[in-house]
Structures are given as C-alpha cells and as structure tokens.
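Peer 1: Pasting the sequence and the predicted coordinates here, then a few questions.
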Amino acid sequence: MTIILLIFILFVLLTCRYANYNEKYLSKDQTDAVKGIFIFIVFLSHFLSYQPILSNGIIDKYGVLFPKKLGQLMVTLFLFYSGYGLMESAIKKGKNYINKLPTKRILKTLINFDIVVIIYMIATGFFNNLTINFATIKKFLFCLLGWYTVGNSNWYIFCIIILYIIAYLSLKSFSNKKHALISIFIGTILYTLIMKSYQPSWWYNTSFCFVLGCAFSVYKEKIESFLNNRELISIIYLLAVFLITYKLRKIQLYYYICTIAFTLIVVVITRKIIIKNIVLSWMGKNLFPLYIFQRLPMIILIKQSFMKQNAYIYFASCLIITILITFLWISIMKIVELLKERLSKKIPN
C-alpha cells in the first residue's frame, strides 16, 4: 500500500506547479482536481476495510497508517466545495437557481442514490430468499433514504442531502445571503444534535465544512483581501490549530475545529499551486459514481480466496472495475439526459 500511495503522490506532484497567486483556485477544474486527490484516498481507505492485512508487512505499514490517521478529514473538501458552489450559484443566479434546488440537487441526488441501492441489492443477493414483511419493507425504504446500508456508502449521501435541504429552506426564507448563512449554520447545528442520538459521529462531524464553504462564498472578497500576501503565515497558524485540535479530536468540539482548520489549509495551499491533471479532474468531476460504486467490486471480489491472498491484484481489479462502472454510469446518464431533452421538445408548453 505504501508503494501505491507513493506512486500516486508522485503522479500528483508531477502535474502541480507553484504560482505566486492561482486566481482560479476555486474554479471547477481546480476543485475537481483536488476532489480527485481525495476520492482516491477514500478509495484506499475503503479498500483497507476489506483487505486490512497486506502482503508486504512492514513496507505497507505507513501506507495503511496514512488513510487511517486522516479519517473523516478526507471528505471535508467535498463538503466545502459543495457548500461553496451552492452558495456561489445562489448569489449569481438568484431565485431561478434556488427554486430549482429541490429537483436539480436534492431529488436528483436521491434518485441516483436509490438506483445505486437497488444495484447493490441485486449484486449482493439481498433479494435472495427474501421474505416480504413489514420489517423488510421498512428496511428497504430506509435503505433508499440512506439511513441503512446494503454495503454501499450511505452516510455521506444522507448528510449532503440533508445539508442541501437546510440550504434550500434557508435561501428560500431569507433573501439576504448573510441571514441565509446564519440559518444554514443553525440548521447544521440542529442536524448534528439530532444525529448524535441515532448515528455514529462520522455521520455529522464534518458537516460544518459545508457551512464553511457557504461562508467562504458570502465573505469571499474579505477573506481573499486578508489572505493576499499572508498565505504562509495563515498556513502556519492554521497548521498549529489543526495539530492541537487533532490531538484533542476525541472531544467533538475540537474535532469540528480540526476539520475546518484542515479544509482551510488545503484551500490556502491551492492559492499557491496550479494542478493540471486531466485524470484527477475527471475523477473529481465524476465524484458521485466513483464514490458510490467503489465498494461494489470490493464486496464481490473479496469473497474469492485468490483475491484475499493477493492484495495488489485485488486492489487493481477493484480500481479498474470501479472506473469501468463509472464510464458505464456516465454513458447511461448521457442517454437519459438526451431522452429527456427530446421528450421535452415533443411535449408542447
């Protein structure tokens, strides 16, 4: 695993270059590239949950340790960029964009997720010898909502949908974006307090990074004005906060601060680095299928004794199959969009 991680780091570094100021650090291409880096780390983390014992022993020790120590921090940038992108679009496009949030963001994400849940159920044999009763119907419905899992990654999708709903209600209720931001913040606090009673901490302990993204959009000019020529000192202070709160991360309040500090460190670094990597950009652009389907080959292939004994072949097989499924998903979605477009033209207004 250490070898794989080192190859990936080298691959990333070879496509990065230093810049005095990367004015496009929050552009789609740059944020997609950053998301591409972290989705690969998520893949490593999920892979290790199925194949914790790797063949090279001491060599792989550090490669295994890295994603384990990073933990939930690997998804913070996904939430930050989602919050930032949503708020930027709401500010620039106004009511037209906000009114479309329930269908374009919330419902679309849920429907796509539900399709994936059914695929997992079929592929993993969930329906085999299934006795239909109230309990199984209830479980099925909760799986579709992301509350339960059939092997798929569900907590992140559930979290992001709730955050989208909070953002939508806030933006609909307040035309003033600062007031809407306060509402999103309060809504996220309520979400975390409720979830504490029902789910493990990873269901909510990174959610404030979404709020941070929204806040970054609202106060972007002031933040950038402060950061100009202060990137290095800002990183030093943020790194100090991160290291202190990481040590104290078992206390939830400190972990919230830790996630925010980590996110800001990455964001400030990207102001000084330009990433030109079409592979990473493609991965970030297609985050949903890469994230949601990666467990499927892991679940199916680990049942083969050959894969259990050959960690690197197992890893390569899972990675290749995930990429192939993603290409298939992209193709199907393009066909669906084309059919919807043609259908809308045939139906008169």
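Peer 2: That came in fine, so what should we check first?
Peer 1: Return the residues in contact with the residue lying closest to Gln294 once chain neighbours are set aside.
Peer 2: Excluding the flanking residues, the one nearest Gln294 by Cβ to Cβ, 6 or more residues apart in numbering is Thr322, at 4.7 Å. C-beta here means a position set from N, CA and C on the backbone, and glycine is covered the same way. Residues in contact with Thr322, defined by Cβ atoms under 8 Å, 6 or more residues apart in numbering, are 43, 290, 293-294, 296-297.
Peer 1: ok, now Trp147?
Peer 2: Trp147 touches 154, 158, counting by Cβ under 8 Å, 6+ apart.
Peer 1: Please tell me how far the longest helix belonging to the chain is from the chain's geometric centre.
Peer 2: Scanning the chain for the helix with the most residues, using DSSP state H, yields helix 311-346. Distance of helix 311-346 from the chain centroid (Cα atoms, centre = their mean, to the nearest Å) equals 18 Å.
Peer 1: With only the CA atoms kept, save the one helix or strand in the chain whose mean pLDDT sits lowest in PDB.
Peer 2: Ranking every helix and strand in the chain by mean pLDDT, DSSP states H and E puts helix 305-309 at the bottom, with a mean of 78. Taking C-alpha atoms only, helix 305-309 is exported to PDB below (Å, rounded to 0.1, in the frame of the first residue of the first chain):
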ATOM      1  CA  SER A 305      -9.800 -16.700  -1.900                       C
ATOM      2  CA  PHE A 306      -7.400 -15.700  -4.600                       C
ATOM      3  CA  MET A 307      -8.100 -12.000  -4.000                       C
ATOM      4  CA  LYS A 308      -7.700 -12.400  -0.300                       C
ATOM      5  CA  GLN A 309      -4.200 -13.700  -0.800                       C
END
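Peer 1: Which positions in that helix come out as buried?
Peer 2: Residues Met307 are the ones in helix 305-309 that count as buried (16 or more other Cβ atoms under 10 Å).
Peer 1: And for stretch 62-76?
Peer 2: Quick answer for stretch 62-76 (16+ other Cβ under 10 Å): 63-64, 66-67, 70-76.
Peer 1: Ok, stretch 250-259 next?
Peer 2: Buried-residue list, stretch 250-259, by 16+ other Cβ under 10 Å: 254-259.
Peer 1: got it, and stretch 202-218?
Peer 2: Within stretch 202-218, the residues scored as buried using 16+ other Cβ under 10 Å are 203-218.
Peer 1: Can you list the residue ranges for helices in the stretch 51-200 of the chain?
Peer 2: Ranges of helices in the stretch 51-200 of the chain, per DSSP state H, counting those that start in this stretch, are 61-70, 76-93, 95-101, 108-123, 134-144, 155-173, 177-195.
Peer 1: same for the first one, what does it pack against?
Peer 2: Same thing as helix 61-70. helix 2-13, helix 28-50 (3 or more Cβ pairs under 8 Å, 6 or more residues apart in numbering; DSSP states H and E).
Peer 1: Please spell out which residues along the strand or helix carrying Tyr246 are buried.
Peer 2: Assigned by DSSP states H and E, Tyr246 falls within helix 231-247. Residues of helix 231-247 classed as buried by neighbour count (16+ other Cβ under 10 Å): 235, 238, 241-242, 245-246.
Peer 1: Alpha carbons of that helix, in PDB - could you do that?
Peer 2: The C-alpha trace of helix 231-247 is given here as PDB (Å, rounded to 0.1, in the frame of the first residue of the first chain):
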ATOM      1  CA  GLU A 231      -0.700  32.700   2.800                       C
ATOM      2  CA  LEU A 232       2.400  31.500   4.600                       C
ATOM      3  CA  ILE A 233       1.600  32.900   8.000                       C
ATOM      4  CA  SER A 234      -2.000  31.800   7.600                       C
ATOM      5  CA  ILE A 235      -0.900  28.200   6.900                       C
ATOM      6  CA  ILE A 236       1.400  28.300   9.900                       C
ATOM      7  CA  TYR A 237      -1.400  29.500  12.200                       C
ATOM      8  CA  LEU A 238      -3.900  27.100  10.700                       C
ATOM      9  CA  LEU A 239      -1.400  24.200  11.000                       C
ATOM     10  CA  ALA A 240      -0.900  25.000  14.700                       C
ATOM     11  CA  VAL A 241      -4.700  25.000  15.300                       C
ATOM     12  CA  PHE A 242      -5.000  21.700  13.300                       C
ATOM     13  CA  LEU A 243      -2.300  19.900  15.200                       C
ATOM     14  CA  ILE A 244      -3.600  21.000  18.600                       C
ATOM     15  CA  THR A 245      -7.200  20.100  17.800                       C
ATOM     16  CA  TYR A 246      -6.200  16.800  16.100                       C
ATOM     17  CA  LYS A 247      -4.600  15.800  19.300                       C
END
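Peer 1: Cool, thanks, talk later.
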